[in-house]
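**Student:** structure for the following, please:
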Amino acid sequence: MTATIDTIHINFEVQTIWALNLALALVMFGIALEISIADFKQLLKHPKSILVGVCSQFFALPAITFLLVLVLKPLPSIALGMFMVAACPGGNVSNFIAHLAKGNTALSISLTAIATIVAVVMTPFNLQFWSSLYEPSLPILKEVAISPLKMMQVVSLLLGVPLVLGIWVNYKRPKFAKLMAKKFKLVSLLFFIILVVMALFTNRTVFMDYVAYVFWIVLIHNLLAFSTGFTLSKVFNLPKDDVKSITIETGIQNSGLGLLLIFTFFDGLGGMALLAAFWGVWHLISGLLLAIFWGNISIIKKKLI
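**Tutor:** Residues are numbered from 1 along each chain as shown. Next up is the predicted model:
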């Protein structure tokens with residue numbers, strides 16, 4: 001298996017990759033339409049929660065992922081996929097899931113905005129730093145020889161530009177932005193999901209051959225991601241609603257960004273693409289299950305009171 005999965009390259013057409021890039025940018029623009037300058041004032045109102053949330057995503061999760069890799073000793077390309085996912089900012093649907101879970105939605109939105117900006121630097125850094133510490137992955141890294149600066153440029157275009165444009169539209173035309181935000185985000189997210197499903201269907205034989213090996217690793221990794229956000233929030237004694245939002249922001253990763261970076265810099269390396277693709281499916285399911293559980297608990301408590 002090692003000889004095959006680490007050398008498999010998932011076949012995505014150039015047009016599909018460009019469409020995925022555009023779809024992800026549109027998703028981020030749709031999210032940004034709901035972000036205002038006032039949301040960044042959460043830094044002043046809740047600096048502790050913001051700092052814990054950012055540290056959970058960009059410091060704690062990559063470090064915990066590295067320890068998990070040392071324990072599981074996955075195949076080199078799978079390990080790189082785990083590092084890639086852990087290096088990405090929060091996922092596109094984290095705000096919706098935080099709202100469903102009765103968490104602090106304003107905190108979730110603020111973390112999404114701040115994490116997107118921080119990701120421009122921290123995503124390339126974390127991927128390079130932690131991957132280089134895992135010796136079995138070094139041959140792939142040396143072969144690819146990724147440029148952190150080049151990756152920063154790509155992440156800026158995919159995340160930074162749509163975010164700034166969305167915030168600007170919200171600032172100039174708040175009513176229009178509010179009207180368009182939900183529809184725009186939903187349509188663009190569905191478009192993105194359809195493209196990913198089509199691309200995966202094209203490579204369905206490869207995915208079916210390795211699903212048993214990859215999926216259980218994704219389950220453990222995702223559970224650990226949620227646990228990291230939850231534990232760190234509890235250690236710093238944050239309010240319950242903030243704990244929910246930070247847990248979700250840490251456990252819902254932008255695997256779509258991870259996939260695009262894998263196809264841009266690693267030529268669709270099989271293990272990496274498989275890991276990111278399965279993560280993208282599973283974190284939606286696990287996130288919704290957690291949100292429904294927390295949401296129902298909150299409703300029951302209100303009824304009892």
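
**Student:** for the residue lying closest to Ala32 once chain neighbours are set aside, what is the enclosing helix or strand?
**Tutor:** Once flanking residues are discounted, Ala32 sits nearest to Gly166: 2.2 Å by C-beta to C-beta, 6 or more residues apart in numbering. From N, CA and C alone the C-beta is placed, and that goes for glycine too. Per DSSP states H and E: Gly166 is located in helix 161-172.

**Student:** pull the residues that contact that helix.
**Tutor:** 25-26, 28-37, 113, 116-117, 176-178 (C-beta atoms under 8 Å, 6 or more residues apart in numbering).

**Student:** can you give me the helices in the stretch 1-150 of the chain?
**Tutor:** 2-5, 14-32, 42-45, 47-55, 61-72, 76-87, 94-100, 105-133, 138-144, 148-155 (DSSP state H, counting those that start in this stretch).

**Student:** which of the ones you listed has the lowest average pLDDT?
**Tutor:** Mean pLDDT across these is lowest at helix 2-5; the value there is a mean of 56.

**Student:** now do the end-to-end distance for stretch 262-272.
**Tutor:** 7 Å (C-alpha to C-alpha, to the nearest Å).

**Student:** off-centre distance for it?
**Tutor:** Centroid separation between stretch 262-272 and its chain, computed with C-alpha atoms, centre = their mean, to the nearest Å, is 17 Å.

**Student:** pLDDT averaged over that stretch, what's the number?
**Tutor:** On average, stretch 262-272 scores 79.

**Student:** what's near enough to touch Pro89?
**Tutor:** Here Pro89 is in contact with Gln57, Thr112, Ala115, Thr116, Val118, Ala119, Thr123, Leu159, Gln253, Asn254, Leu257 (C-beta under 8 Å, 6+ apart).

**Student:** nearest residue to the third one in space, ignoring adjacent ones along the chain?
**Tutor:** Excluding its sequence neighbours, the residue lying closest to Ala115 (C-beta to C-beta, 6+ apart) is Pro89, at 3.9 Å.

**Student:** per-residue confidence for the one you found?
**Tutor:** So Pro89 comes in at 87 (pLDDT).

**Student:** okay, it and Ile64: tell me how far apart.
**Tutor:** 16 Å (C-beta to C-beta, to the nearest Å).

**Student:** what does Leu274 give?
**Tutor:** From Leu274 to Ile64 the distance is 21 Å (C-beta to C-beta).

**Student:** those two: which is more packed in?
**Tutor:** Leu274 (29 against 20; other C-beta atoms under 10 Å).

**Student:** Met272 and Phe266 touch, don't they?
**Tutor:** Yes - using C-beta atoms under 8 Å, Met272 makes contact with Phe266 at a distance of 5.7 Å.
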